[in-house]
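> after the sequence you'll find the predicted model.
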Amino acid sequence: MTDPATEDDRASWESGHRFRLLVDGGSFFPVMLDSIRQARRYILLEMYLVESGTLASRFFTALVEAVERGVQVYLLFDGYGSLGLSRGDRDFLRQAGVHLLFYNPLRFFHGQRNLFRNHRKLLLVDGVLAYTGGTGLKNQFDPESEPERFWHDVMLEIEGPSVRDWQTLFTETWNRWSKVPLQLPEPLSAPRTPGTQAGRVAAHSRYLGRSEIKRSFVAHIRQARQRVWLSTAYFVPSSKLRRALIRAAGNGADVRLMVPGPYTDHPEIRWIGRHHYERMLRNGVRIFEYQPHFLHAKVLMCDHWVSIGSANGDRWNDHWNLEANQEVEAPAITEAVQAFFEEDFPRCYEVEYTQWQVRPWTYRLWEWFLGKAVAIVAWFGRDKRNPPH
């Protein structure tokens, strides 16, 4: 197993894991809810997008029932991403005994500090089971609520040593923002079924401009010899990431980028990403735009190495967001992720270089303008720290 990560990475590679890839809300929401219902000691839930609706109500009901069984429940929601959470739901949770905390609530006079967000997604149960990926508690992720236009996403089920590192990340953030430190009972003594798969958690370092996730992405892309397949909801890459993708293609790797097509919650970001298409296509990177739904999955596969989590690998992540990914080297997960991509590529429109060259000049102008705007924002946001409480 290769590990090009630098010495200051917070988590090292360990074996003893069991991982399972779950695709779309119809698969992962029932499993996550079942884990909540089976919790015996504590539940930690960290989310960016949280909005009152049928999906959130299903989770809130299960969480309150857990409290009634004597389970400690801690919810850490982003102050901006949870603006759609109603006052009634907030009161319902607090009155039931759920510990509810908001990361960096918006304040009128905080200015640039309001841009710092917690983009992580985590459900952790009893210290032995965790889920991470790209989802949120919002109806758009749920095929039952949005059968025609649900958001296409994945979650990874985790058992083993990395659960401890996920809990550490949650605890550090909670203690930074809460007046009452997190105090949890002892976790269960061992995973339900010990595994043999290897993995580690990658997260941002203290300085958000020095993202451990970005360093790991670039290092593994540079080492890839067979393939680099990247699925991302928002393609606004750093120059290092762009150069790494182009270099991998030049070295003979099969480099494919899968991004949203006509369905997206931020059309302007799609235009910004297209600003980089021409150079990438010219240098052998294949680009696929997903057609049926909004592609929200954040997955990177380099040969047999896989990274799944909250990070899109874009400039905004690097400067402003708390992010975390689970990295895996395990044949079963490699096969599952490969199947995920191979099932999705035929559902995409592949952008061809010759066709891209003849697109209207108005498109080119808009792409150029938005690309320059992003570069300016990134310049002003360089070397920013995680905001103090």
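The structure has been received and is ready for your questions.
> please make it C-alpha for all contacts and neighbour counts, starting now.
Fine.
> where does the prediction get shaky in the protein?
Within the chain, the stretches with pLDDT under 70 are 1-10, 189-194, 205-210, 315-319, 361, 363-368, 370-389.
> how much space separates the residue nearest the centre of the chain from Val50?
In the chain, the centroid-proximal residue (Cα atoms, centre = their mean) is Ser310; its distance is 1.1 Å. Computed as Cα to Cα, to the nearest Å, the Ser310 to Val50 distance reads 15 Å.
> next one: Tyr277
Distance of Tyr277 to Val50, computed by Cα to Cα: 32 Å.
> so for those two, which sits in the more crowded spot?
When Tyr277 and Val50 are compared on other Cα atoms under 10 Å, the one with more neighbours turns out to be Val50, at 24 against 18.
> these two touch, right, the residue nearest to the centre of the chain and Lys121?
Yes - in this structure, Ser310 is within contact of Lys121 by Cα atoms under 8 Å, at 6.2 Å.
> now the residue nearest to the centre of the chain: phi and psi?
Torsion angles at Ser310 (phi, psi; degrees, to the nearest 10) stand at phi -90, psi -20.
> so who does it touch?
Applying Cα atoms under 8 Å, 6 or more residues apart in numbering to Ser310 gives the contacts 119-121, 132-134, 298, 323-325.
> please name the bridge partners of the closest residue in space to Leu129 that isn't next to it in sequence.
Spatial nearest neighbour of Leu129, excluding adjacent residues (Cα to Cα, 6 or more residues apart in numbering): Glu159 at 5.0 Å. Applying DSSP bridges to Glu159 yields these beta-bridge partners: Arg18, Leu129.
> number of residues surrounding Glu159?
By the criterion of other Cα under 10 Å, Glu159 has 25 neighbours.
> repeat that for the one 4 residues further on.
Val163: 24 surrounding residues under other Cα under 10 Å.
> what helix or strand is it located in?
Following DSSP states H and E, one finds Val163 within helix 162-177.
> Glu343 now?
Going by DSSP H and E, Glu343 is in helix 331-344.
> show me what that helix is packed up against.
Counting contacts by 3 or more Cα pairs under 8 Å, 6 or more residues apart in numbering; DSSP states H and E, helix 331-344 packs against strand 14-23, strand 305-309.
> between it and strand 305-309, how big is the angle?
Helix 331-344 runs at 70 degrees relative to strand 305-309, counting by axes from the mean of the first three to the mean of the last three Cα atoms, to 10 degrees.
> helix 331-344 vs strand 14-23, what angle?
Here the directions of helix 331-344 and strand 14-23 differ by 20 degrees (the same axes, to 10 degrees).
> extract the CA atoms of helix 331-344 and return them as CSV.
Output of helix 331-344 as CSV, limited to C-alpha atoms (Å, rounded to 0.1, in the frame of the first residue of the first chain):
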residue,chain,number,x,y,z
PRO,A,331,-10.4,-4.5,-3.3
ALA,A,332,-14.1,-4.7,-2.4
ILE,A,333,-14.4,-0.9,-2.3
THR,A,334,-12.4,-0.4,-5.4
GLU,A,335,-14.7,-2.8,-7.2
ALA,A,336,-17.8,-1.0,-5.8
VAL,A,337,-16.5,2.4,-6.8
GLN,A,338,-15.5,1.2,-10.2
ALA,A,339,-19.1,-0.2,-10.7
PHE,A,340,-20.5,3.2,-9.5
PHE,A,341,-18.6,5.0,-12.2
GLU,A,342,-19.2,2.5,-14.9
GLU,A,343,-22.9,2.6,-14.3
ASP,A,344,-22.9,6.4,-14.5
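> that one: which residues count as buried?
333-334, 337-338, 340-341, 344 (16 or more other Cα atoms under 10 Å).
> please tabulate the residues you listed in TSV and include distance to Gly81 as additional columns.
Output for those, formatted as TSV (distance: Cα to Cα, whole Å):
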residue	distance to Gly81
Ile333	30
Thr334	31
Val337	28
Gln338	31
Phe340	28
Phe341	28
Asp344	28
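> tell me which two in these are the farthest apart.
Ile333 and Asp344 (16.5 Å; Cα to Cα).
> go ahead and confirm Glu278 touches Val358.
No - applying Cα under 8 Å, one finds Glu278 not in contact with Val358, separated by 11.0 Å.
> between these two, which one's more packed in?
Higher neighbour count among Glu278 and Val358: Glu278, with 16 against 9, using other Cα under 10 Å.
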